[in-house]
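Asks: A structural model of the following input is requested.
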Amino acid sequence: MNVNQSAPPVPPFGQPQPVYPGYHQSSYGGQPGSTAPPTHYGAYNGPVPGYQETLAPGVSRAPPSSGAPPATTAQTPRGQAAYGQFGQGDVQNGPSSTVQMQRLSGSQPFGSAPLAPVVSQPTVLQPYGPLPTSSQVTAQLAGMQISGAMAPAPPTLGLGYGPPTSLASASGSFPNSGLYGSYSQGQAPPLSQTQGHPGAQPPQRSALPQASSFTPPASGGPRMPSMSGPLLPGQGFGGPPVSQPNHVSSPPPQVLPPGTQMTGPPGPPPPMHSSQQPGYQLQQNGSFGPGRGPQPNYGSPYPGAPTFGSQPGPPQPLPPKRLDPDAIPSPIQVIEDDRNNRGSEPFVTGVRGQVPPLVTTNFLVKDQGNASPRYIRCTSYNIPCTSDMAKQAQVPLAAVIKPLARLPPEEASPYVVDHGESGPLRCNRCKAYMCPFMQFIEGGRRFQCCFCSCINDVPPQYFQHLDHTGKRVDAYDRPELSLGSYEFLATVDYCKNNKFPSPPAFIFMIDVSYNAIRSGLVRLLCEELKSLLDCLPREGRAEESAIRVGFVTYNKVLHFYNVKSSLAQPQMMVVSDVADMFVPLLDGFLVNVNESRAVITSLLDQIPEMFADTRETETVFAPVIQAGMEALKAAECAGKLFLFHTSLPIAEAPGKLKNRDDRKLINTDKEKTLFQPQTGAYQTLAKECVAQGCCVDLFLFPNQYVDVATLCVVPQLTGGSVYKYACFQVENDQERFLSDLRRDVQKVVGFDAVMRVRTSTGIRAVDFFGAFYMSNTTDVELAGLDGDKTVTVEFKHDDRLNEESGALLQCALLYTSCAGQRRLRIHNLALNCCTQLADLYRNCETDTLINYMAKFAYRGVLNSPVKTVRDALITQCAQILACYRKNCASPSSAGQLILPECMKLLPVYLNCVLKSDVLQPGAEVTTDDRAYVRQLVTSMDVAETNVFFYPRLLPLTKSPIESTTEPPAVRASEERLSDGDIYLLENGLNLFLWVGASVQQGVVQSLFSVSSFSQITSGLSILPVLDNPLSKKVRGLVDSLRAQRSRYMKLIVVKQEDKLEMLFKHFLVEDKSLSGGASYVDFLCHMHKEIRQLLS
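Replies: Okay, the predicted model is just below:
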């Protein structure tokens, strides 16, 4: 999404926006829409005051069944007794004869079928089957307040004991976005009612209040009216269960009169009329989420029923309910729970196959033999033993590796081990490096490789005796025998041409065409470089950086500068033959900053003046990179080119491009060409750059189409970065550009790098994603690699794995440090292996899974139509969840959507990927924007993709002003915005401050120094510096958010009802998007439909 563009034309704000049938949506004009039911229950999954999680006395938990569950719902004939709602480990108290279950018969159509309660099975590290919860007693007393309130959802217990995520029934139509058809209006599944005599306690963890005078916790909202008349049909406390259709009748919704009580035994139920009324909102029948209301379509007391003293009101239907967003899995709640449960203790890596805390949790890591999750995160920490099992589950086995990740100050950098001239010890057969998993035998004279089982001799200088456990007595003195991550100093055998490398060089290559001069870019850049050259990266405690620098300017021709320290003034040499590029000088082009400071300063002062009157608008591009690479080759060193470029290179030269932007190709089979480079010249050039160790970082300042897809090829294949500032204006964008530039120049980079991932027998690395080049199937070649870049590796089985020995990964990165030292960085990780699918699903990490799936999809658009890529993502997600449902979940109604505990956010996050600009662009998203985001995501780490696809929305005036901690986030949906509040939204690239129209005048004054909402400047990008607590707090929060991200986020102030609000709403990812993307609720319904189709 390009935040620098003006917003597209939108309907006038007073008009209602289009909505899908059956949904009420609050209008943009401020008219109130239908509001959610009042919530007097705790938040989804959240703790509830006054409730303890207990099992009923005398109840024991059933062990998990390891075999496949009994036949699925589809085989249950109508009328035959089916499985109850009691899952594995559920226990039933009271006489069994009175507890009967009904479940949906397989032949029933999935019409506007209510998604019955989503049950997310608690699987993470759980020794027993899913615990019995009120959620699984699905629709028992659903929505009824019988003399009080239903027990709220139990709080999450420790690690992975979250209550099953029970999702309420959802009916209604999925929006026709081309990809998803709408649901047919079929018959809804009957609710299963748990029947028992009044004395029997229903089986669940958080007991129902027994007393009749329970008061729900106050939530500030209006109370539900208590309902008059006897129990509804099908909700009796005795007698056989009655299946209850869930249709909505056509009369307009109204509520029961307040003050009426529900008492007395039921009479016989009246005949039911199934009225299928399309276009009503999604219904909620689950026993989950706030505000479970009464069932629609029932009048108060039905004819012939005794009323026992309560005055019968006229029969009035209750309002239809949409699926309550609070009843479906919340990313905010999951993140919060993980922070509370796992943020306080350090994560110790000594145990094999541990799932680390989420990327959103702040935690310390203690390396005790496995690499920190800051270096490697896996999609699953327990991988299937066989390829058949892996194919059945469809869970991709992948690792996101960030070899040079920066660590927090409290954690030590990897130790550097120097083995002298002999170099690091390796396995003779597979060349794996010594690590904690190698097994020493024969008294320490030999070791068995943990990767290929080859037995190797231990060199005499490395020999050490073993203790009584078979471990070397010096194991804890040697990083390579006790830690997961460490570095070896490489010997000359690991260097090009068997010669130690020279320190790397930086070359600054500046576009001085008309656009660059006119925008003020050249003057700004030259001014900044004067001070920035003092901040080049240096090794450890070195006094000055070993990196040399050089300067080139260009438009249609190239200008090289001799800045040798002995010169009084810099000398310029022009190369106009761009078809045959060469470097006109060797001595004096690459220099030490401190030695040549006076000459460099003089040059940087002169460049803006020399080209101030230029009229040259055409530029070249490929020859500029060629020149930089040739200069590094002549100096026999690796290095980095910093290119500052403004326009499509249309001048006659190699790599010349034409404008091929064509929006008509969107949603056609030719759309993929928009992501492909328009010429092969840049791939050839990139290959030469990688061979020389020449990494390219590109800063783009386009005013129109520049073909980012083609210009990005060289940065992408050399391990470089791309930064884009559309319609650059010094006053608006200088802070962002200079901040990105400073960070890019100062960050630690490994040059001329090669990475290889080795695995133990049984699996192998088969596919790689990221910014790098590969000339063979195993070596990832990176001209440069910094601490922000990741390489994502996918593994496949080539043999059977062993549950006892597990699986091992070793990532080895050979690189040149910024001081010119050749090093090897090693990361090791041991994973568990399983023969039961439940163990796989118990140890997955959704954030890493989404990171992999996004990269897989974003690469897919290069070769396949976008629709095909989207369909493949949905199918894979449905297969993952259907396999869990079929093989791991307790038997339950087919109307229930059951999600594994650690994957319950997979649908919401996947929907965010599907709605992203690359896969579903809005009208205002340019081709260049899509190509830019596509290459950006390719090398993002897990924390970056997490916030990029599901942005953080922080309310600013809810928490106390004196509080120094970050305010708790709310879900990314318009429903969560209050017009009396101010919110910050960030996604790692953009930062919005949304101001509600009814914000208190004092708040407006404190933040913006104006007296009213109408005087706030929309689109403001800098908050005034004011001396009051609120201003300091908000500016401090903005600074802290920026410090957490690898790129500077430009702030944009958005006023409610302003034209910029459409841009802001694009990031409210739980809502329906203007480009046709589904809302979270709708997508969940669609996923459920897909899963049911797979299971049937």
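
Asks: Residue 1042 versus the spatially most central residue of the chain, what's the distance?
Replies: What sits nearest the mean C-alpha location of the chain, by CA atoms, centre = their mean, is residue 946, with 2.2 Å. Residue 946 sits 17 Å away from residue 1042, taking CB to CB, to the nearest Å as the criterion. All C-beta spots, glycine's among them, are computed from the backbone N, C-alpha and C.

Asks: just to revisit the earlier point, so who does the residue nearest to the centre of the chain touch?
Replies: By CB atoms under 8 Å, 6 or more residues apart in numbering, the residues touching residue 946 are 359-360, 847, 850-851.

Asks: Please repeat the previous calculation with a cut-off of 6 Å.
Replies: By CB atoms under 6 Å, 6 or more residues apart in numbering, the residues touching residue 946 are 359, 847.

Asks: Surely it is within a helix?
Replies: Yes: assessed with DSSP: H, G, I helix; E, B strand; the rest coil, residue 946 lies in a helix.

Asks: Starting from residue 396, give me the distance back to it.
Replies: 17 Å.

Asks: Give me the neighbour count for the closest residue to residue 373 other than its chain neighbours.
Replies: Spatial nearest neighbour of residue 373, excluding adjacent residues (CB to CB, 6 or more residues apart in numbering): residue 356 at 3.8 Å. Residues near residue 356, counting by other CB atoms under 10 Å, number 21.

Asks: My guess is residue 356 contacts residue 374. True?
Replies: No: in this structure, residue 356 is not within contact of residue 374 by CB atoms under 6 Å, at 9.1 Å.

Asks: Residue 634 and residue 521: what is the separation?
Replies: 29 Å.

Asks: quick one: which of the two has more around it?
Replies: residue 521 (26 against 14).

Asks: mind listing what the more buried one touches?
Replies: Contacts of residue 521 by CB under 6 Å, 6+ apart are residue 701.

Asks: nearest spatial neighbour of residue 721, skipping sequence neighbours?
Replies: residue 697 (5.0 Å).

Asks: let me fix that: residue 617
Replies: Closest to residue 617 by CB to CB, 6+ apart is residue 514, at 4.7 Å.

Asks: burial of that neighbour, as a residue count?
Replies: 19.

Asks: Equivalent analysis for the one 5 residues further on, please.
Replies: Residue 519 is flanked by 19 other residues according to other CB under 10 Å.

Asks: The residue lying closest to it once chain neighbours are set aside: which element?
Replies: In space, and not counting its chain neighbours, residue 519 is closest to residue 728: 5.4 Å by CB to CB, 6+ apart. Following DSSP states H and E, one finds residue 728 outside all helices and strands.

Asks: Tell me the predicted confidence for residue 728.
Replies: Listed pLDDT for residue 728 reads 96.

Asks: Residue 290 too?
Replies: On the pLDDT scale, residue 290 gets 37.

Asks: I'd like the numbering to begin with 49 instead of 1 from here.
Replies: Done: numbering now begins at 49, and the last item shifts to residue 338.

Asks: sorry, back to before: would the residue nearest to residue 769 count as being in a strand?
Replies: Yes: Residue 745 forms part of a strand when assessed by three-state DSSP.

Asks: which ones are touching it?
Replies: 690, 768-769, 792.

Asks: One more: residue 679?
Replies: residue 631.

Asks: I'd assumed it was in a strand, is it?
Replies: No: applying three-state DSSP, one finds residue 679 to be helix, outside a strand.

Asks: And it, how far from residue 745?
Replies: Noted for residue 679: a distance of 16 Å to residue 745, by CB to CB.

Asks: Quick check: end-to-end length of stretch 862-870?
Replies: 7 Å (CA to CA, to the nearest Å).

Asks: For the closest residue in space to residue 568 that isn't next to it in sequence, what are phi and psi?
Replies: Nearest residue to residue 568 in three dimensions, chain neighbours excluded: residue 778, at 4.1 Å (CB to CB, 6+ apart). Note on residue 778: backbone dihedrals following degrees, to the nearest 10 are phi -60, psi -50.

Asks: same thing with residue 430?
Replies: phi -140, psi 100.

Asks: Likewise for residue 1033?
Replies: Per degrees, to the nearest 10, the backbone of residue 1033 is at phi -120, psi 130.

Asks: That one contacts residue 999, correct?
Replies: Yes: assessed by CB under 6 Å, residue 1033 is found in contact with residue 999 at 5.4 Å.

Asks: shared neighbours, the two?
Replies: With CB under 6 Å, 6+ apart as the test, residue 1033 and residue 999 both reach residue 1115.

Asks: Report the mean per-residue pLDDT for stretch 948-960.
Replies: Here the average pLDDT along stretch 948-960 is 96.

Asks: From one end of it to the other, what's the distance?
Replies: Taking CA to CA as the criterion, the two ends of stretch 948-960 lie 19 Å apart.

Asks: Kindly report the same for stretch 747-755.
Replies: Stretch 747-755 end-to-end distance (CA to CA) = 14 Å.

Asks: Pull up the gap between the spatially closest residue to residue 469 that is not a sequence neighbour and residue 587, please.
Replies: Once flanking residues are discounted, residue 469 sits nearest to residue 539: 6.3 Å by CB to CB, 6+ apart. Distance from residue 539 to residue 587, counting by CB to CB: 19 Å.

Asks: same deal with residue 442?
Replies: From residue 442 to residue 587 the distance is 46 Å (CB to CB).

Asks: Residue 1109 now?
Replies: Noted for residue 1109: a distance of 49 Å to residue 587, by CB to CB.

Asks: out of those two, which sits in the busier spot?
Replies: Ranked by neighbour count (other CB under 10 Å), residue 1109 and residue 587 place residue 1109 first, with 20 against 14.

Asks: what are the phi and psi values for the more buried one?
Replies: phi -60, psi -30.

Asks: Ok, residue 687 next?
Replies: phi 170, psi -170.

Asks: State the pLDDT value of it.
Replies: In this model, residue 687 carries a pLDDT of 97.

Asks: Alright, calling it a day.
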